[in-house]
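Colleague: Okay, here's the prediction I keep looking at, along with the sequence it came from:
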Amino acid sequence: QKEVEQNSGPLSVPEGAIASLNCTYSDRGSQSFFWYRQYSGKSPELIMFIYSNGDKEDGRFTAQLNKASQYVSLLIRDSQPSDSATYLCAGGGGSEKLVFGKGTKLTVNP
Amino acid sequence: DVKVTQSSRYLVKRTGEKVFLECVQDMDHENMFWYRQDPGLGLRLIYFSYDVKMKEKGDIPEGYSVSREKKERFSLILESASTNQTSMYLCASSDFLAGGPGTQYFGPGTRLLVL
């Protein structure tokens, strides 16, 4: 059974801090990883994807992938109250399907 | 921008009714997906389709069927709705990517209540 594990949280950080969200996956065949943000009552929206080992930066967001450790993370710099949401990690490889984690709830306190 | 639309945002049905949920995407994507999302259980794949008239069961297909007669449209059918099918239903689409998977784009969701 392919699994993606996330700490459910809640993770609470003060405004302006760095929020660190982590994800591990069981399938060594997974090649592509995605981070989605989901506000309460809304559908998931893509933040970024990462395919290669190392870091990928997009504005305040940095995704990190370590395939040897089967570990993916998302760092949010200068966290804002508007970043408060549930963050879903998803991975897959070799097919069109993604395996989603159950999400980590992030609260950014003003 | 990719746009995925779903026929209803909220739906209330009676036990035993046949329920149709429709999803339309405007990006000519090959793949379409139906998920349900429940608190504590995360997103669970019900069915997906990789081409017109093609479908594949996901993790929880029991009690559901799907139809894809046109590339842009993917329907989820609850043959006889039951209270345990009360949930948020999310449709997604993605383009084919060699070595897969491509980015999935989600519709706004349908919150279904079965009484």
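Modeller: Thanks, I have it.
Colleague: rest of the way, CA atoms for contacts and neighbours
Modeller: OK.
Colleague: Identify the residue spatially nearest to residue 11, adjacent ones excluded.
Modeller: Here I'm looking at chain A. A:L106 (4.8 Å; C-alpha to C-alpha, 6 or more residues apart in numbering or on different chains).
Colleague: Please refer instead to chain B.
Modeller: Leaving aside its sequence neighbours, B:L11 sits nearest to B:L112 (C-alpha to C-alpha, 6+ apart; 4.8 Å).
Colleague: Pairing partners for A:C89 in the sheet, please.
Modeller: A:W35 (DSSP bridges).
Colleague: correct me, but it touches A:S32?
Modeller: No. Look at A:C89 against A:S32 with C-alpha atoms under 8 Å: they stay out of range, at 10.8 Å.
Colleague: start to end distance for stretch A:76-96?
Modeller: 28 Å (C-alpha to C-alpha, to the nearest Å).
Colleague: Please apply the same query to stretch B:57-77.
Modeller: Start-to-end span of stretch B:57-77 (C-alpha to C-alpha) is 13 Å.
Colleague: What residues sit buried inside it?
Modeller: Across stretch B:57-77, burial judged by 16 or more other C-alpha atoms under 10 Å in any protein chain shown covers B:58, B:61, B:64-68, B:71-77.
Colleague: List the contacts of residue 91.
Modeller: Answering for chain A, as no chain was given. A:V4, A:Y25, A:S30, A:Q31, A:S32, A:F33, A:F34, A:L98, A:V99, A:F100 (C-alpha atoms under 8 Å, 6 or more residues apart in numbering or on different chains).
Colleague: switch to chain B, that's the one I care about
Modeller: By C-alpha under 8 Å, 6+ apart, the neighbours of B:C91 are B:V4, B:Q6, B:C23, B:M32, B:F33, B:W34, B:Y35, B:F106, B:G107, B:G109.
Colleague: Chain A next: which of these are close?
Modeller: B:F106, B:G107, B:G109 (C-alpha under 8 Å from any C-alpha of the partner chain).
Colleague: who in chain B is up against chain A?
Modeller: B:31, B:40-43, B:50, B:90, B:96-97, B:99-103, B:105-109.
Colleague: For chain B, which segments are assigned as strands?
Modeller: B:4-6, B:10-13, B:19-25, B:31-38, B:42-51, B:54-57, B:64-70, B:73-78, B:87-94, B:105-106, B:110-114 (DSSP state E).
Colleague: Make CSV out of the ones you listed and add mean pLDDT.
Modeller: Formatted as CSV, these follow (pLDDT from 0 to 100):
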stretch, mean pLDDT
strand B:4-6, 97
strand B:10-13, 98
strand B:19-25, 98
strand B:31-38, 97
strand B:42-51, 95
strand B:54-57, 94
strand B:64-70, 97
strand B:73-78, 98
strand B:87-94, 97
strand B:105-106, 96
strand B:110-114, 98
